[in-house]
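Enquirer: Kindly generate the corresponding structure for this input.
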Amino acid sequence: MVALSAGIVLCALIAAPLDAEYHPSTRAIMKMSREEANRQAQDDLLSILEPTGKISAEMWRELHDVTLNTRSFGTDFDGVCRRDTLTLRYTGAVPGAPSRDKPVRPYSIEARPVFHIVHLPKVEKDMGQPDASHIWQPACVDVDKAWLKRARADGRELGEWDRATWADAKDAFQVVQAGFLLEKALAAVKAGTLKLQSCPHFLPALYHSCEEEVAGVGSASDIGVVESCPAQPGVICYSIDFPGPGTILKIVSRGDAASVVSGDILSIDVDDYLMVDGRKFPGP
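Expert: Next up is the predicted model:
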């Protein structure tokens, strides 16, 4: 019986490293030598990066940059996820004209945060307060895979490159504030209590009204860019870009800039655009 128990324990110890990653404690890291600490930090950096996939120089004769993404993780808001997009810059390693055959080498790296709203959080008194436990929230594990699974379950027709939309924004607070603002504005448009002030590129062949076009633009999960616009005290203004349909909504409401939830919607404007070689042009 003792031998059997010892054998079970030994098997468990052997199997443990295969079932769980080893993460050193703060004390263990502080005790590392310079060489060990350097290796640990570099290994940790690689561990949070998603695979790059195939690299292309696109239209350029020489590779200029490679985009990498960290694995998604949670923010201080429930249902709101973040990842960091890194751009690794390259240039020629030797003098001479750009060429696909000339060696290139990296020289710089840039990073910016992007966000995806799986669902807007419940409105609570202390929402958005720093909470490290939210980093590992289940909603933010493999966001792209989870989005594809939901989209297929909803019967959506998906292209090869369809993935969750990640929003460029200053921080998680900004994207959540814009998400609540959008939700309230679209609800008012659908209810007929909010009319658009302008709709320069409305296509009557596709929609019965400008309001119908805007009502179908998407949800908070489809936001691609959030930018604040100038506003008077007590007023919140956001420009919200939806890259799927190529639509930008400018929404103005009453509200406190320090609160994620806005007041009454004052106005909404819409504009459309076309993307050509990475640049935006006015819609048709």
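Enquirer: going forward, measure contacts and count neighbours with C-alpha atoms only.
Expert: OK.
Enquirer: after the lowest-mean-pLDDT helix or strand in the chain, next one along is what?
Expert: Sorted by mean pLDDT, DSSP states H and E, the helices and strands of the chain end with helix 2-19, the least confident at a mean of 39. Remark: after helix 2-19, the chain's next helix or strand is helix 26-30, criterion DSSP states H and E.
Enquirer: what does that next one rub up against?
Expert: Residues external to helix 26-30 that are found in contact with it (CA atoms under 8 Å, 6 or more residues apart in numbering): Ala37.
Enquirer: Off-centre distance for the next helix or strand after that helix?
Expert: Sequence-wise, the next helix or strand downstream of helix 26-30 (DSSP H and E) is helix 34-47. In terms of CA atoms, centre = their mean, to the nearest Å, the centre of helix 34-47 is set 26 Å apart from its chain centre.
Enquirer: Checking my notes, Val214 in a helix, right?
Expert: Yes: the assignment for Val214 (DSSP: H, G, I helix; E, B strand; the rest coil) places it in a helix.
Enquirer: residues touching it, list them.
Expert: So Val214 contacts Leu186, Val189, Val270 (CA under 8 Å, 6+ apart).
Enquirer: for the chain, longest helix please?
Expert: If you go by DSSP state H, the chain has its longest helix at helix 172-191.
Enquirer: what packs against that one?
Expert: Helix 172-191 is packed against strand 80-92, strand 104-117, helix 210-215, strand 225-228, strand 247-254, strand 265-276, with contacts defined by 3 or more CA pairs under 8 Å, 6 or more residues apart in numbering; DSSP states H and E.
Enquirer: possible to save those as TSV with mean pLDDT?
Expert: Below are the helices and strands packed on helix 172-191 laid out as TSV (pLDDT from 0 to 100):
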stretch	mean pLDDT
strand 80-92	95
strand 104-117	96
helix 210-215	78
strand 225-228	95
strand 247-254	92
strand 265-276	73
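Enquirer: would you turn these into CSV with distance to Asp162?
Expert: Shown next, in CSV, are the helices and strands packed on helix 172-191 (distance: least, CA to CA, whole Å):
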stretch, distance to Asp162
strand 80-92, 18
strand 104-117, 14
helix 210-215, 22
strand 225-228, 17
strand 247-254, 18
strand 265-276, 17
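Enquirer: Tell me which of these approaches Ala151 most closely.
Expert: Among the helices and strands packed on helix 172-191, strand 104-117 comes nearest to Ala151, with 14.8 Å by CA to CA.
Enquirer: so what secondary structure elements neighbour the closest one?
Expert: Partner elements for strand 104-117 (3+ CA pairs under 8 Å, 6+ apart): strand 80-92, strand 167-168, helix 172-191.
Enquirer: And Pro39, how far from Ser33?
Expert: Let me fix one detail, which is that residue 39 is Arg and not Pro. Note on Arg39: its distance to Ser33, by CA to CA, to the nearest Å, is 10 Å.
Enquirer: more neighbours, those two?
Expert: Applying other CA atoms under 10 Å to Arg39 and Ser33 shows that Arg39 carries more neighbours, namely 13 against 10.
Enquirer: Look up the pLDDT of the more buried one for me, please.
Expert: Arg39 carries a pLDDT score of 96 in this model.
Enquirer: Run a quick neighbour tally on Tyr63.
Expert: For the record, residue 63 is Leu, not Tyr. Around Leu63 there are 23 residues (other CA under 10 Å).
Enquirer: which residues touch the closest residue to His64 other than its chain neighbours?
Expert: Once flanking residues are discounted, His64 sits nearest to Tyr90: 4.9 Å by CA to CA, 6 or more residues apart in numbering. Under the criterion of CA under 8 Å, 6+ apart, the contact partners of Tyr90 comprise Leu63, His64, Asp65, Val104, Arg105, Pro106, Tyr107, Ser108.
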